[in-house]
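**Student:** Sharing a model prediction with you, sequence too.
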Amino acid sequence: QVQLVESGGGLVQAGGSLRLSCAVSGRTFSAYTMGWFRRPPGKEREFVAAISVNGGTTYYGDSVKGRFTISRDNTRNTVYLEMNILKPEDTAVYYCARRSDSVLGGNAAKYDYWGQGTQVTVSS
């Protein structure tokens with residue numbers, strides 16, 4: 001059974017930073033693309049970032065490019081999301097997800113395991 005547990009969310013002022021972590025159980029972590037998604041209040045879920053199996057390639061949603069950085073540590077079965085220059089519109093529940101294959105992409109339907117989410121609130 002694969003389980004994903006996010007941590008690191010919280011309340012931060014605009015312009016600040018947060019680092020989210022996602023610990024993944026299971027022995028095949030390094031075989032799958034990992035991603036972050038978010039659901040702003042009252043809005044649809046949206047893609048944030050994805051990272052290839054070896055961490056060498058990343059892919060970002062337009063709204064976070066240049067501000068957020070995704071990374072992974074395959075020795076610790078953990079994926080991270082470093083969020084800088086946070087804006088009030090970044091307020092959302094952030095979800096870590098494991099894709100069902102090693103393709104790098106942001107289609108949520110291709111991700112088969114999800115964490116429970118962590119709240120990020122950015123005050124103006």
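**Tutor:** Done, it's in. Numbering: from 1, shown residues only.

**Student:** Can you tell me how far residue 48 is from residue 63?
**Tutor:** Distance, residue 48 to residue 63, by C-beta to C-beta, to the nearest Å: 8 Å. All C-beta spots, glycine's among them, are computed from the backbone N, C-alpha and C.

**Student:** The two: which is more packed in?
**Tutor:** residue 48 (25 against 14; other C-beta atoms under 10 Å).

**Student:** Quick check: closest non-adjacent residue to that one.
**Tutor:** residue 36 (4.2 Å; C-beta to C-beta, 6 or more residues apart in numbering).

**Student:** and what of residue 29?
**Tutor:** Using C-beta to C-beta, 6+ apart, the nearest residue to residue 29 is residue 77, at 4.3 Å.

**Student:** Check whether the one you found really touches residue 28, as I assumed.
**Tutor:** No: with contact defined as C-beta atoms under 8 Å, residue 77 and residue 28 do not form a contacting pair (9.6 Å).

**Student:** between these two, who's got more neighbours?
**Tutor:** residue 77 (17 against 10).

**Student:** Tell me which residues touch that one, please.
**Tutor:** 23-26, 29 (C-beta atoms under 8 Å, 6 or more residues apart in numbering).
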